[in-house]
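S.K.: just coords:
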């Protein structure tokens, strides 16, 4: 295997990264990622808890792209803030969620981010059907007239409480009733907690069949690789390090085999993330 052939092969394989800090400026994220051994990375472009977004001007765009090249980062992905809720009973919250995601897509296009992904929110004030309709309406508004290059992904949820989007059937409904250009980010811990058995051979085959028959395998554009502190179907969002949780290494072997060209982003704690990255790289081999 020559060096040139190695990089050709790597270019069509899953790349592995982590959600990194942008402390001191977003242009620091590529180096933060490279220092951990990331090949790609995920970040916030604004505070996930609220507040105005830092300006992205021509100087920042130039600096960010230079750092991407300098640190060998193939792609970057943007996670939307946590306060997004398309199914809120408050119209102002729904409208703000649409505005912020559209802004994130535009900001991502400026710096060359490949994807923006978001949680969809929850609703205890509407029926499930009404809540799904509100989410679809919000996504449709986001995409109306959008001409940027950054793609929009809906993230599957863990199904806690009244959270929307914990099944592929719900994600299919939202896409079909909003914009077919929207795709999916799957989170291994969320899927497992929602009742999708990605650990066993039979369970994983059944999960793939469900994906194929709903959103379609081609819609899976990014994987959040997190082990789970909770068991199958327990409907709680609790991330663990790769191999330390209830999913175990076999689940990640299954995901890498099934989605060999989809990138994997870790959202595990910093204390062992370098080990997590190395574990996924070993499984990729």
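M.R.: The structure has been received and is ready for your questions. Note that the structure is predicted; figures quoted are calculated from it, not measured.

S.K.: start and end of stretch 114-122, how far apart?
M.R.: 26 Å (Cα to Cα, to the nearest Å).

S.K.: average pLDDT for it?
M.R.: With pLDDT averaged residue by residue, stretch 114-122 scores 97.

S.K.: who touches that stretch?
M.R.: Counting by Cβ atoms under 8 Å, 6 or more residues apart in numbering, the neighbours of stretch 114-122 from elsewhere in the structure are 75-80, 82, 84-88, 97, 101, 104-105, 108, 131, 135, 150-155, 157, 161-165, 174, 185, 221-222. All C-beta atoms are positioned from the backbone trio N, CA, C, and that covers glycine.

S.K.: distance check, the most centrally placed residue in the chain against residue 52.
M.R.: In the chain, the C-alpha nearest the mean C-alpha coordinate belongs to residue 185, at 4.5 Å (Cα atoms, centre = their mean). Using Cβ to Cβ, to the nearest Å, residue 185 is found at 26 Å from residue 52.

S.K.: check residue 62 too.
M.R.: Plainly put, residue 62 is 22 Å away from residue 52 if you go by Cβ to Cβ.

S.K.: pick out whichever of those two has more residues nearby.
M.R.: Remark: of residue 62 and residue 52, residue 62 carries more neighbours, 12 against 7, as counted by other Cβ atoms under 10 Å.

S.K.: nearest residue to residue 248 other than its sequence neighbours?
M.R.: Among residues not flanking residue 248 along the chain, residue 199 sits closest, at 6.1 Å (Cβ to Cβ, 6 or more residues apart in numbering).

S.K.: what kind of secondary structure is that neighbour in?
M.R.: Under DSSP: H, G, I helix; E, B strand; the rest coil, residue 199 falls in the coil class.

S.K.: relative to residue 133, how far out is it?
M.R.: Separation of residue 199 from residue 133 (Cβ to Cβ) stands at 34 Å.

S.K.: okay, these two: which has more neighbours?
M.R.: For residue 199 versus residue 133, neighbours defined as other Cβ under 10 Å are more numerous around residue 199 (21 against 16).
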